[in-house]
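make a model of this:
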Amino acid sequence: MSSNNDAYNSDELEAPDWLNKQFLQEVLMQYSKDPSLKLTDVQISPASAKGDHYASVMFRTSVEYLTQKGKFSKSLIIKTMPEMEGNKKEFLGDSPIFQTEIAMYTEVLPKFEAILREAGEETTFCTRCVYHSLEPRQVMIFEDLVPQGYEVIRNRNLTLDELRCALRKLAKWHAVSQKLLQEQPNIFDRLKYDITTLPNFFEQDFVTKALPTFIDMIGQVESLKDYRKYFEPMRQNIIKRWADIIREYRENRQENSYYVLCHGDFHVRNLMYKLDDCMLIDFQMSYVGSMVNDLLYAKYMLFAAEERLNNSDELISHYFDTFLATLSKIGYKGEKHSLVELRRQMFDRRFSDYMLLTLLLPLSYSMRQNKDPGDILQSEELRVNIYYNKDYQKELEYLLPRMLQLGYFELPE
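Alright, predicted model coming up:
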């Protein structure tokens, strides 16, 4: 196992006792359906760099094994819930995120891929799940994408081609899910948990103090202080209005809205790239909602500043063209969609813009500097400091006037 190293999450520096040779041999025997399989070597290390993820604990396991057919090796990713006492375990311990992700990997995404294959579209959304369990512990095991040539992009922004690739995958996912929702409205009823349903989510300081910290910051910046008056009225209701948007499909369904199965956490660290292809990872927050939710999330957590400022419209159009083409290819029989209507629905849900702008965009800037979101979420000093990032403030000098010009601050009743 790797020695203590600041490059990795502290709870991934040592594997739990149950993650051992015997457990892994049983997993591989079950997966290969070969009772003769014998594990000969196991090497365990942290699965990813510090800050790549928060809502789980992950290890990479390289194994060598013998069967009647010969000697083989395989690299696996083990994903489990936090066992180390602390904020992460307290925050995530009672959440249903593993039930959601198991359903996504084992049922939902394979079904999506099969529908696309039947239509002549060879699309793979994710890696293969080798093993999963909820008892006696929550754990999932996947085939490792790294030996297949895929990588998480950490030290630079995504190119326009890489962004288009990600949005094409998302558009195909959304299209298939909308067809299934039309034909079988209850098909995703189990996927009813999103980020707002995490235990005590709305009591977390990083959520409740985001807007007040943002308001304090822009009040101290000469070029931004005039916009404070637009955010002050949001103090009492921004969190509730945002939660209402996320939960809309379940609690307040709107006629003619474009509902799909949302990824729920569509950001740069939840993609792995290989040349002109990408794979999606981490489906713990997937739920049914407006397609707008994934698009706005991508705008703030996937796009870099230049794309938000100069290429956002083109990227959304690229996504929507793929969405429409996929609907046609798979035989969707529902009402027609239009880009104008999508834009209207995005505007109507602008409380998501306010929340993402004030809560997640400063965090996105820190992640692009390879800072650990876990450290930031647990430290008030670090949380405050990310709002004073000069690049973040510089972008606000463009975004806030644009929002004003587009009528974003004419708040709905």
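
drop to CA atoms for contacts and neighbour counts, all remaining ones
OK.

so what's the residue count around the closest residue in space to residue 219 that isn't next to it in sequence?
Closest residue to residue 219 apart from its sequence neighbours, by CA to CA, 6 or more residues apart in numbering: residue 225 at 4.4 Å. Residue 225: 14 surrounding residues under other CA atoms under 10 Å.

you'd agree residue 225 is up against residue 214?
No. Using CA atoms under 8 Å, residue 225 and residue 214 do not qualify as a contacting pair, with a distance of 10.8 Å.

and for the two, which residues touch both?
Residues touching both residue 225 and residue 214 (CA atoms under 8 Å, 6 or more residues apart in numbering): there are none.

what separates the residue nearest to residue 219 from residue 393, distance-wise?
11 Å (CA to CA, to the nearest Å).

give me the contact list for the helix or strand containing residue 343.
For residue 343, the host element (DSSP states H and E) is helix 339-348. Helix 339-348 is contacted from outside by 257, 258, 292, 296, 317, 320, 408, using CA under 8 Å, 6+ apart.

what's the closest non-adjacent residue to the last one?
Taking CA to CA, 6+ apart, and ignoring the residues beside it in sequence, residue 408 has residue 350 as its nearest neighbour in space, at 6.9 Å.

so the one you found versus residue 31, what's the distance?
Distance from residue 350 to residue 31, by CA to CA: 46 Å.

more neighbours, those two?
The neighbour comparison of residue 350 against residue 31 (other CA under 10 Å) goes to residue 350, with 21 against 12.

of the contacts of helix 339-348 - the most surrounded one?
Most neighbours among the contacts of helix 339-348, by other CA under 10 Å: residue 292, with 25 neighbours.

how deep is residue 64 tucked in, by neighbour count?
Neighbourhood size, residue 64 [other CA under 10 Å]: 16.

then residue 305?
Residues lying near residue 305 (other CA under 10 Å) number 22.

give the closest residue to the residue in the chain sticking out farthest from the centre in space, chain neighbours not counted.
Most distant from the centre of the chain: residue 68, at 40.9 Å, with distances by CA atoms, centre = their mean. Counting by CA to CA, 6+ apart, residue 36 is the residue found nearest to residue 68 once chain neighbours are left out, at 6.9 Å.

can you name the helix or strand that that neighbour falls in?
Counting by DSSP H and E, residue 36 is part of no helix or strand.

check contacts around it.
29, 67, 68.

please, where are all the helices along the stretch 201-350 of the chain?
Secondary structure of the stretch 201-350 of the chain by DSSP state H, counting those that start in this stretch: the helices cover 205-208, 210-220, 228-231, 238-246, 248-251, 291-301, 305-306, 312-329, 339-348, 350-355.

do you know which of those helices lies nearest residue 160?
Among the helices of the stretch 201-350 of the chain, the nearest to residue 160 by CA to CA is helix 312-329 (8.4 Å).

render the CA-only coordinates of the closest one in CSV, please.
C-alpha atoms of helix 312-329 as CSV (Å, rounded to 0.1, in the frame of the first residue of the first chain):
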residue,chain,number,x,y,z
SER,A,312,-21.4,28.6,-24.1
ASP,A,313,-24.1,29.2,-26.7
GLU,A,314,-22.4,27.1,-29.3
LEU,A,315,-21.8,24.2,-26.9
ILE,A,316,-25.4,24.2,-25.8
SER,A,317,-26.5,24.2,-29.4
HIS,A,318,-24.1,21.3,-30.2
TYR,A,319,-25.6,19.3,-27.3
PHE,A,320,-29.1,20.0,-28.5
ASP,A,321,-28.4,19.0,-32.1
THR,A,322,-27.1,15.7,-30.8
PHE,A,323,-30.1,15.3,-28.5
LEU,A,324,-32.6,15.8,-31.4
ALA,A,325,-30.7,13.5,-33.8
THR,A,326,-30.6,10.8,-31.2
LEU,A,327,-34.3,11.1,-30.4
SER,A,328,-35.0,10.7,-34.1
LYS,A,329,-32.6,7.7,-34.4
